[in-house]
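# can you look at this prediction? I've put the sequence above it.
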Amino acid sequence: MTMSIDERFNRRSNIDHNGQSNPLDDTVKISYGTAGFREKAEVLPFVALRVGYLAALRSRVLNKAIGLMITASHNPQCDNGVKIVDPNGEMLASEWENHATMLVSIPDDELLREMKKLEETLQLGDAKEARVICAVDTRPSGQHLADAAKAGAALCNVDFEFLGLLTTPQLHYAVRVQNDPAFGPPGEDGYYTKIGTAFRQFYELLPNKSSPTLLMLDCANGVGAPKARKLFDALPKNLMEVDFKNEVGELNHECGADFVKICKQSPVPTCIEGVRCASLDGDADRLVYFYSKNSESKNVILLDGDKIAVLFAKFLIEELKEAKVFDQLTIGIVQTAYANGASSAYIKNQLGVDPIFVPTGVKHLHHEAMKYDIGVYFEANGHGTICFSDHFKSLISGGETSSPPKNRLYWFSQLINEVVGDALADLLAVELLLKYYGWTVEDWANKLYHDAPNIQIKVPVTDRSIFQTTWDETRLIAPLGLQDKIDHLVNELGAIRAFARPSGTEKTVRVYAEAEDAEVANKLGEKVAEIIRNFN
Ligand SMILES: CC(=O)N[C@H]1[C@@H](OP(=O)(O)O)O[C@H](CO)[C@@H](O)[C@@H]1O
Ligand SMILES: [Mg+2]
């Protein structure tokens with residue numbers, strides 16, 4: 001193997017796109033977190049190079065296309081991130097996360113040796129199909145990092161296809177279609193065709209085709225803005241009426257799905273009373289809805305990922321029962337500790353399905369959801385989708401493969417981007433279901449369940465690694481004694497629950513508290529946050 005490493009990108013003392021050097025101490029640990037590597041953009045060029053190399057290596061081992069998405073999602077504009085997408089469009093297999101962390105942890109002078117070792121251990125085949133497909137979000141640092149990733153893929157002699165600006169779910173789609181052409185038509189246009197067709201076909205099957213009502217869409221000043229426009233432009237004009245907000249400006253700043261979820265406030269500009277609103281995040285894989293009851297106030301009524309999961313699951317269960325196939329399929333609804341307790345109770349008591357809880361991060365939810373014929377998963381923050389098994393697909397198509405069946409279940413499953421949570425696909429699915437049920441956004445908020453009062457607080461910390469939790473993330477096992485204090489507070493205040501866990505994407509510990517009373521939830525959250533702060 002002959003390798004010549006591009007020094008601009010490789011050194012842990014990175015050179016950024018302005019030619020500035022940003023020394024990084026070899027002791028600084030960077031690991032593959034909840035959704036890949038995320039850091040300040042200036043420390044990422046060497047990470048992008050090494051991850052570009054690893055993605056290429058994986059593509060050679062599997063002889064398949066591998067994706068590389070450069071985004072930091074809901075994080076501020078100055079951050080960026082690199083994450084690998086597996087051939088079927090899903091998150092990177094966890095055993096390879098360890099290779100990734102190892103590769104970015106070693107100093108420059110050990111890199112070549114480790115790369116050679118890795119190549120010897122892994123079986124590199126002929127690999128005619130090997131390639132890396134890369135896309136970026138709108139962050140200014142994206143192009144430089146893509147160049148670094150390209151230099152990394154070249155070290156493994158693998159073609160690097162740069163697709164430019166895409167939403168994260170569009171890149172996942174592109175990777176899946178490259179490896180599995182039957183999944184849908186290729187390219188960005190293919191994505192619009194597949195989703196747009198499913199939307200129109202489902203629309204035709206609606207019992208009531210009343211004219212559209214206005215939707216205000218907060219695009220977080222991100223890539224979702226141009227891509228949502230393209231998607232909606234491809235739909236017949238009379239089906240959607242969308243007022244685009246936050247298309248250009250500082251990414252995620254006082255807007256976007258994460259802001260709305262955490263602050264329960266309207267993004268700037270303030271939404272209009274009575275109007276149905278939705279927010280995307282920076283890379284358009286999260287979606288939340290909200291509305292205002294009073295234009296004077298910034299506070300909004302939030303419909304988060306839990307509400308979307310319940311809406312989707314309710315519809316699917318009803319349709320399966322109507323089609324008399326409910327008993328022939330397994331259905332799983334997957335949540336995390338951040339799911340509102342009222343949503344979990346509704347799923348259990350009204351939908352008759354015991355929700356399954358897994359750690360934070362789509363990789364965990366997706367993995368669990370795949371075990372069912374229909375696996376609905378959503379993080380409370382609005383990131384989620386539904387996985388459909390082959391058994392489901394053949395059952396609803398009645399064995400027919402030539403002409404697509406004329407039933408809502410089929411077109412709903414086509415609309416959902418089942419490889420990953422997709423804000424645009426989920427948005428169209430929500431819009432259709434609201435029409436199907438004849439519900440306003442207020443009906444949706446009130447007819448299912450009401451959220452238990454809750455608060456989420458981000459506590460900045462210098463070293464997240466000292467905070468360790470049980471597998472389900474609901475209890476701290478280190479530092480010792482902290483969980484006892486949290487338990488004591490929950491009891492003392494007569495609250496429902498509280499937990500603290502280190503973020504995998506930000507240098508914070510996230511505190512979550514839930515109570516029957518909003519004041520108690522807020523007080524509990526603040527007190528737990530104080531405990532974490534004092535430990536810092
Ligand atoms: C509570 C919360 O919303 N956490 C988010 C956030 O992870 P953290 O590890 O909590 O920072 O970003 C992840 C990636 O977008 C997302 O999957 C996850 O749900
Ligand atoms: Mg995102």
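Arrived safely. Residues are numbered from 1 along each chain as shown. Ligands and ions are numbered 1, 2, ... in the order given.

# with just CA atoms, put stretch 230-248 into PDB.
Provided in PDB are the C-alpha atoms of stretch 230-248 (Å, rounded to 0.1, in the frame of the first residue of the first chain):
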ATOM      1  CA  LYS A 230     -38.300  21.500  -4.600                       C
ATOM      2  CA  LEU A 231     -40.400  18.700  -3.000                       C
ATOM      3  CA  PHE A 232     -43.600  20.900  -2.800                       C
ATOM      4  CA  ASP A 233     -43.000  22.300  -6.200                       C
ATOM      5  CA  ALA A 234     -43.200  18.800  -7.600                       C
ATOM      6  CA  LEU A 235     -46.700  18.400  -6.000                       C
ATOM      7  CA  PRO A 236     -49.900  19.600  -7.600                       C
ATOM      8  CA  LYS A 237     -50.400  23.300  -6.600                       C
ATOM      9  CA  ASN A 238     -53.800  22.800  -4.900                       C
ATOM     10  CA  LEU A 239     -52.600  20.200  -2.400                       C
ATOM     11  CA  MET A 240     -50.400  22.300   0.000                       C
ATOM     12  CA  GLU A 241     -50.300  25.900   1.000                       C
ATOM     13  CA  VAL A 242     -47.000  26.600   2.700                       C
ATOM     14  CA  ASP A 243     -45.500  29.800   4.000                       C
ATOM     15  CA  PHE A 244     -41.800  29.300   4.200                       C
ATOM     16  CA  LYS A 245     -40.000  31.000   7.100                       C
ATOM     17  CA  ASN A 246     -36.300  31.100   8.100                       C
ATOM     18  CA  GLU A 247     -34.900  30.100   4.800                       C
ATOM     19  CA  VAL A 248     -31.700  32.200   4.900                       C
END
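
# list the buried residues of it.
231, 232, 234, 235, 239, 240, 242, 244, 245, 246, 247 (16 or more other Cβ atoms under 10 Å). Where C-beta positions appear, they are placed from N, C-alpha and C, glycine not excepted.

# same question, stretch 528-536
Those would be 528, 529, 531, 532, 535, for stretch 528-536 by 16+ other Cβ under 10 Å.

# which ones among the residues you listed are found in helices?
Using DSSP state H, the subset of the buried residues of stretch 528-536 located in helices is 528, 529, 531, 532, 535.

# would you mind giving the buried residues of stretch 528-536 as TSV with distance to residue 108 and pLDDT added?
Below are these laid out as TSV (distance: Cβ to Cβ, whole Å; pLDDT from 0 to 100):
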residue	distance to residue 108	pLDDT
528	42	98
529	39	97
531	40	96
532	36	96
535	35	84
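
# for whichever residue of the stretch 201-350 of the chain sits closest to ligand 1, grab the count of nearby residues.
Shortest the stretch 201-350 of the chain-to-ligand 1 distance, computed as Cβ to the nearest ligand atom: residue-wise this is residue 338, at 4.9 Å. Look at residue 338: counted by other Cβ atoms under 10 Å, it has 21 neighbours.

# residue 311 now?
For residue 311, using other Cβ under 10 Å, the count is 23.

# cool, residue 458 as well?
Residue 458: 14 neighbours (other Cβ under 10 Å).

# and the one 3 residues further on, by the same measure?
By other Cβ under 10 Å, 19 other residues sit near residue 461.

# what separation is there between it and residue 302?
For residue 461, the distance to residue 302 equals 26 Å [Cβ to Cβ, to the nearest Å].

# what about stretch 317-326, start to end distance?
Start and end residues of stretch 317-326 are separated by 7 Å (Cα to Cα, to the nearest Å).

# give me the contacts around it.
329, 331, 351, 352, 353, 374, 395, 396, 407, 408, 409, 412 (Cβ atoms under 8 Å, 6 or more residues apart in numbering).

# picking that back up, what subset of the buried residues of stretch 528-536 is also close to ligand 2?
With Cβ under 5 Å from the ion as the criterion, those include none near ligand 2.

# any idea how many residues pack against the residue nearest to residue 93 when sequence neighbours are not counted?
Closest residue to residue 93 apart from its sequence neighbours, by Cβ to Cβ, 6 or more residues apart in numbering: residue 86 at 6.1 Å. Residue 86 has 23 neighbouring residues, counting by other Cβ under 10 Å.

# show me the contacts for residue 86.
Here residue 86 is in contact with 58, 66, 67, 92, 93, 175 (Cβ under 8 Å, 6+ apart).

# what helix or strand is the third one located in?
When elements are assigned from DSSP states H and E, residue 67 belongs to strand 65-70.

# do I have it right that residue 437 meets residue 443?
Yes - using Cβ atoms under 8 Å, residue 437 makes contact with residue 443 at a distance of 7.4 Å.

# these two: who's more crowded?
Applying other Cβ under 10 Å to residue 437 and residue 443 shows that residue 437 carries more neighbours, namely 17 against 12.

# what sits against that one?
Contacts of residue 437 (Cβ under 8 Å, 6+ apart): 443, 444.

# and for residue 398?
By Cβ under 8 Å, 6+ apart, the neighbours of residue 398 are residue 405.

# try it again with 10 Å
Applying Cβ atoms under 10 Å, 6 or more residues apart in numbering, one finds that residue 398 lies in contact with 323, 325, 405, 407, 410.

# between those, which is closest to ligand 2?
residue 410 (28.3 Å; Cβ to the ion).

# pick the one among the buried residues of stretch 528-536 closest to residue 77.
residue 529 (25.6 Å; Cβ to Cβ).

# and the closest one, how far is that from residue 455?
Counting by Cβ to Cβ, the gap from residue 529 to residue 455 is 9 Å.

# what touches both of those two?
498, 511, 513.

# picking up where we left off before, for ChimeraX, what selects the buried ones among the contacts of residue 86?
Remark: buried members of these, expressed as a ChimeraX selection using 16+ other Cβ under 10 Å:
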select :58,66,67,92,175
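
# same list, the contacts of residue 86, but as JSON lines with pLDDT and distance to ligand 2 please.
Listed next are the contacts of residue 86 as JSON lines, based on pLDDT from 0 to 100; distance: Cβ to the ion, whole Å:
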{"residue": "58", "pLDDT": "96", "distance to ligand 2": "22"}
{"residue": "66", "pLDDT": "98", "distance to ligand 2": "20"}
{"residue": "67", "pLDDT": "98", "distance to ligand 2": "15"}
{"residue": "92", "pLDDT": "92", "distance to ligand 2": "16"}
{"residue": "93", "pLDDT": "90", "distance to ligand 2": "20"}
{"residue": "175", "pLDDT": "98", "distance to ligand 2": "17"}
